[in-house]
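*Asks:* Sequence first, then the predicted structure:
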Amino acid sequence: PTIFVITPTYARPNQLAELNRLRNVLLHIPQVWWLLVEDREEKSELVKNFLTHSGVPHTHLHQPTPPEWKVKDKSPRWTKPRGVLQRNAALDWLRKNADPHLPAVVYFADDDNSYSIELFQEMRWTSQVSVWPVGLVGGVMVERPLCLCRQGVEPDQARPMVTGWLVGWKPERPFPTDMAGFAVNLRLLLDNPDASFSLESEIGFMETDFLSRIVTKEELEPKAECCTKVLVWHMNAVNPNLKDEVRLRQLGRQTDIGIDV
Ligand code: UGA
């Protein structure tokens with residue numbers, strides 16, 4: 001099966017640095033298609049150039065977040081949901097353009113996390129929705145599904161099952177996983193044309209609201225050795241120190257004119 005990787009991305013000083021880290025992983029993954037969605041009115045030259053030379057099969061999309069849904073500069077990041085309309089734009093694109101008979105899996109990979117190559121091997125065989133642990137998220141070292149993966153018992157009990165979750169924040173959520181912790185079979189998204197992310201989801205409930213519409217806990221497929229291995233880490237970069245750049249710009253001596261950084 002093909003893996004469609006959906007990545008929302010937005011302009012900030014470390015955007016290209018983050019996109020390159022993800023690109024370098026995707027270059028190791030066979031049969032991958034990257035749907036990179038810019039949070040902008042128009043596609044940027046920076047991302048266009050980056051993708052053209054990336055070596056990764058891709059589609060470049062854009063979908064702006066309306067100003068009232070943008071995180072205000074001084075507010076904490078979590079006050080508004082992020083990447084929502086961009087992921088939905090990619091889902092729309094898939095529904096219009098993907099071959100419905102193509103065996104494929106969809107993964108929502110934010111541009112700033114750390115992904116292992118092995119993660120993609122795990123998710124490739126997903127019948128409906130597969131799940132696995134995510135490191136460094138939700139205020140804990142690892143959030144993970146608790147699974148039962150006995151082998152050699154009666155056939156109807158032999159299928160690996162998710163029995164619960166080990167998380168710190170809001171454990172009462174039906175699917176308490178980060179965006180990085182699951183993949184979905186394309187078929188399921190085509191069969192559920194209304195499944196999308198919502199700006200109106202309660203903060204931190206975006207993933208759980210989405211999954212609730214397409215799958216039940218009993219149907220989840222545990223990966224990563226019965227959810228005992230961490231193959232992806234949720235990350236947030238520290239903003240680079242651009243103190244002198246600000247000063248030089250005031251003097252008309254911006255350092256990045258004519259060069260993509
Ligand atoms: C957590 C989850 O890991 C995200 O998947 C989820 O979207 C987010 O919470 C949420 O609840 O909205 P977090 O690290 O807080 O993630 O979010 P970011 O990594 O800052 O943003 C998620 C994605 O959206 C990134 O790919 C980022 O480039 C993109 N984004 C962010 C935009 O497209 N526009 C923005 O204005 C900000």
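*Replies:* Structure's in. What do you need? Numbers count the residues shown, from 1 in each chain.

*Asks:* mean confidence for stretch 63-78?
*Replies:* What stretch 63-78 shows for mean pLDDT is 86.

*Asks:* what about that stretch, distance to the chain center?
*Replies:* Here stretch 63-78 is found 18 Å from its chain centre; the criterion is Cα atoms, centre = their mean, to the nearest Å.

*Asks:* can you list the residues that contact it?
*Replies:* Stretch 63-78 has contacts (Cβ atoms under 8 Å, 6 or more residues apart in numbering) with 37-41, 79-82, 84-86, 88-89, 199, 203-204, 236. The C-beta positions use only the backbone N, C-alpha and C, and glycine is treated the same way.

*Asks:* repeat that for 7 Å
*Replies:* Stretch 63-78 is contacted from outside by Val37, Asp39, Arg40, Glu41, Thr79, Lys80, Leu85, Gln86, Ala89, Leu199, Ile203, using Cβ atoms under 7 Å, 6 or more residues apart in numbering.

*Asks:* I'd like the list of the residues you listed that fall within helices, please.
*Replies:* Among the contacts of stretch 63-78, the ones falling in helices (DSSP state H) are Leu85, Gln86, Ala89.

*Asks:* what about the nearest residue to the last one once chain neighbours are set aside, how many neighbours?
*Replies:* Residue nearest to Ala89 in three dimensions, not counting chain neighbours: Gln63, with 3.7 Å by Cβ to Cβ, 6 or more residues apart in numbering. Taking other Cβ atoms under 10 Å as the neighbour definition, Gln63 ends up with a count of 20.

*Asks:* Thanks again, I'm all set now.
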